[in-house]
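Asker: I would like the atomic coordinates for the input below:
(one chain, ligands or ions: 1)
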Amino acid sequence: MAVKIVETSLRDGHQSLFATRMTTDEVVSMAKILDDAGYYALEVWGGATFDACMRFLNEDPWERLRKIRAVCKKTKLQMLFRGQNILGYRHYSDDVVDMFCKKSIENGIDIIRVFDALNDIRNLRQAVKSTKKYGGECQIALSYTTSPVHTIDYYVNFAKEVEKLGADSLCIKDMAGVLLPEDATKLFTALKKNTKLQLELHSHCTGGICEMTYMAAVKAGCDIVDTSLSPLSGGTGQPSTQAFNSALKGTDLAPNLNEDVLHECEPIMDKVVSKYLSNGTLNPKALTTNPNILTYQVPGGMLSNLMSQLKGQNAMDRYDDVLKEVPRVRKEMGYPPLVTPLSQMVGTQAVLNVLMGRYKMVAKEIKDYLHGKYGQAPAPVDEDILKQIVGDDEIITCRPADLLQPEFEGLKEKYKDIAKCDEDVLSLALFENVATEFLKNKYTTEKDEIEEFNLFI
Ligand code: CO
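Answerer: Prediction:
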């Protein structure tokens, strides 16, 4: 059967390669053309795009979504959603998660891809329920990692849980790009055998093996893969859409995308990429292959974070020590997948351990994690470290959001002077400082300016 393609250049492509800086005009100009290519979906929203829109581009993320929807008549639009964290960094109450799903679908999203850093299924439940309630298609993404607990059985069990939860499809989200071709064959063969869910693979080219892994996966029954238009492919991004489309030609698996349409989009994408290369936002290093990540099992973005933290401390000579410390900390923390926010947390703790002595200083987020505030660790955490850091404190064993009261109405009241619609309230709930500044700017009327002027005379 023909492999389906999800085009990621308008979300993960620029998020992975140039810090999510593509503007709404750039995104819309390409989405309009790509609508005719025959994709299963265009991934265009969520992830870091929401924050980046307001913080760096002074643009309204909700407006971006409506503009994309207006030009995409045929193709499904997809977003990335961090479970109970939505697009932010803390756990939100169920009614905020519900409202965010509702508004995303109302403004144009068809498919919500939901994941949880710890693969704690309890943190996904509300998002699945709400997506289905408002008529959306819900995909659960499983954060892929390797460890003694992350066996084929672990993934198969997860897939069965996902099916029970009522999701429409399952994605293996290999954020670090460490899934090897042979492991992909085993994994997708087992998943195909044990679930009826449509299966998708999302990976990154960082380690140089992604195209081989995709090939192995689709041959083993993976239905959908994520690729990125060629000027934005490779390196820390996804494999090239055009190349993948060509590679499967003449086989039953051929995706049959319209090559003329892809071709029409290339010069626009080329121009966009050149702009970010020449203004320094796109570091040419991000475009090259870095097989070190296969050794350290650390996502590319995390490696550059570690480097900048060490540079800031004038301690680049400890880089190798930190790289060795990362897997140790991860093991002690019960093998969390290294994806946001766990990648930053484990990385920061590894730096602290190397520079200050092991667990002499403990990051606040790691303390919260050990208190159960993020959900359940995949494997038991190290008992000595737990005792040392948590002591006699109570550890949360329920779903963290069960401890939260409904908060949307309270937020609406809190922001009533700045927010003009529920979408604004959600922007403020997720990124209070950034959204306050952005919305104040956006809604500054002439009247306010006159009043301010009067105040000064
Ligand atoms: Co990705």
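Asker: what residue lies at the spatial centre of the chain?
Answerer: residue 47 (4.5 Å; Cα atoms, centre = their mean).
Asker: OK, contacts around that residue?
Answerer: Contacts for residue 47 were tallied using Cβ atoms under 8 Å, 6 or more residues apart in numbering; they are 11-12, 15, 20, 79-80, 87. Where C-beta positions appear, they are placed from N, C-alpha and C, glycine not excepted.
Asker: so what's the residue nearest to it when sequence neighbours are not counted bridging to?
Answerer: Once flanking residues are discounted, residue 47 sits nearest to residue 80: 4.2 Å by Cβ to Cβ, 6 or more residues apart in numbering. Residue 80 has these beta-bridge partners by DSSP bridges: residue 46, residue 113.
Asker: low-confidence ranges in the stretch 351-457 of the chain?
Answerer: 445-457 (pLDDT under 70).
Asker: let's see 50
Answerer: Scanning the stretch 351-457 of the chain for pLDDT under 50 picks out 446, 450, 452-457.
Asker: check which element follows the longest helix anywhere in the chain along the chain.
Answerer: What stands out as the longest helix in the chain, according to DSSP state H, is helix 259-278. Using DSSP states H and E, the helix or strand that follows helix 259-278 in sequence is helix 292-296.
Asker: quick one: contacts of that following helix?
Answerer: Residues contacting helix 292-296 (Cβ under 8 Å, 6+ apart): 176-178, 180, 206-207, 209, 299-300, 303, 323, 326-327.
Asker: flag the least confident of those residues.
Answerer: Lowest in pLDDT among the contacts of helix 292-296 is residue 300, which has 68.
Asker: which secondary structure element of the protein has the lowest mean pLDDT?
Answerer: Across the helices and strands of the chain, mean confidence by mean pLDDT, DSSP states H and E is lowest for helix 446-456: a mean of 49.
Asker: picking up where we left off before, pLDDT at the residue nearest to residue 47, what is it?
Answerer: Residue 80 is given a pLDDT of 97.
Asker: just the one 10 residues further on next, same as before
Answerer: In the predicted model, residue 90 carries a pLDDT score of 87.
Asker: how about the one 4 residues further on?
Answerer: Predicted confidence (pLDDT) at residue 94: the value is 98.
Asker: can you check the one 3 residues further on too?
Answerer: The score at residue 97 is 98. That number is its pLDDT.
Asker: wait, is it part of a helix?
Answerer: Yes - counting by DSSP: H, G, I helix; E, B strand; the rest coil, residue 97 is located in a helix.
Asker: that one reaches residue 128, doesn't it?
Answerer: No - the criterion here is Cβ atoms under 8 Å, and residue 97 misses it with residue 128 at 10.2 Å.
Asker: tally of neighbours for the residue lying closest to residue 203 once chain neighbours are set aside?
Answerer: For residue 203, ignoring the flanking residues on the chain, the nearest one in space by Cβ to Cβ, 6+ apart is residue 174 at 4.0 Å. Residue 174 is flanked by 27 other residues according to other Cβ atoms under 10 Å.
Asker: same question for residue 26.
Answerer: 18.
Asker: and if you look at residue 124?
Answerer: 26.
Asker: that one contacts residue 117, correct?
Answerer: No - Residue 124 is not in contact with residue 117 according to Cβ under 8 Å; the separation is 11.1 Å.
Asker: tell me how far residue 58 lies from residue 169.
Answerer: Relative to residue 169, residue 58 is positioned 35 Å away (Cβ to Cβ, to the nearest Å).
Asker: neighbour-wise, which of these two wins?
Answerer: residue 169 (20 against 12).
Asker: whatever helix or strand residue 215 lives in: what's the following helix or strand?
Answerer: Under the criterion of DSSP H and E, residue 215 resides in helix 210-219. Per DSSP H and E, the first helix or strand lying C-terminal to helix 210-219 is strand 224-227.
Asker: so where's this protein uncertain?
Answerer: 446, 450, 452-457.
Asker: the residue lying closest to residue 408 once chain neighbours are set aside: neighbour count?
Answerer: Closest residue to residue 408 apart from its sequence neighbours, by Cβ to Cβ, 6+ apart: residue 95 at 4.7 Å. As a burial measure, residue 95 scores 18 neighbours (other Cβ under 10 Å).
Asker: again with the one 3 residues further on
Answerer: As a burial measure, residue 98 scores 20 neighbours (other Cβ under 10 Å).
Asker: residues contacting it?
Answerer: Contacts for residue 98 (Cβ under 8 Å, 6+ apart) come out as 126, 129-130, 133.
Asker: let's see it at 6 Å
Answerer: residue 130 (Cβ atoms under 6 Å, 6 or more residues apart in numbering).
Asker: from residue 91, how far off is it?
Answerer: Residue 98 is 14 Å from residue 91, by Cβ to Cβ.
Asker: please apply the same query to residue 193.
Answerer: As judged by Cβ to Cβ, residue 193 and residue 91 stand 35 Å apart.
Asker: higher neighbour count, those two?
Answerer: residue 91 (22 against 9).
Asker: who touches residue 119 in this structure?
Answerer: 142-143.
Asker: ok, now with 10 Å
Answerer: Residue 119 sits next to 83, 140-145, 150, 154-155, 158, 161, 173, 336-337, 339, 375-376, 378 when contact means Cβ atoms under 10 Å, 6 or more residues apart in numbering.
Asker: buried only: go through these for me.
Answerer: Taking 16 or more other Cβ atoms under 10 Å as the criterion, what is buried in those is 83, 140-145, 150, 155, 158, 173, 336-337, 339, 375-376, 378.
Asker: was I right about residue 126 contacting residue 99?
Answerer: No - Residue 126 is beyond contact range of residue 99, at 11.1 Å (criterion: Cβ atoms under 10 Å).
Asker: what do those two both touch?
Answerer: Between them, residue 126 and residue 99 share the contacting residues 92-93, judged by Cβ under 10 Å, 6+ apart.
Asker: kindly provide the distance from the residue nearest to residue 203 to residue 293.
Answerer: Residue 174 is 11 Å from residue 293, by Cβ to Cβ.
Asker: give me the common contacts of these two.
Answerer: Common neighbours of residue 174 and residue 293 (Cβ under 10 Å, 6+ apart) are 204, 207, 299.
Asker: the second one: helix or strand, and which one exactly?
Answerer: When secondary structure is defined by DSSP H and E, residue 207 falls outside every helix and strand.
Asker: neighbours around it, how many?
Answerer: If we define neighbours as other Cβ under 10 Å, then residue 207 has 23 of them.
Asker: surely it touches residue 176?
Answerer: Yes - between residue 207 and residue 176 there is a contact under Cβ under 10 Å: 7.9 Å.
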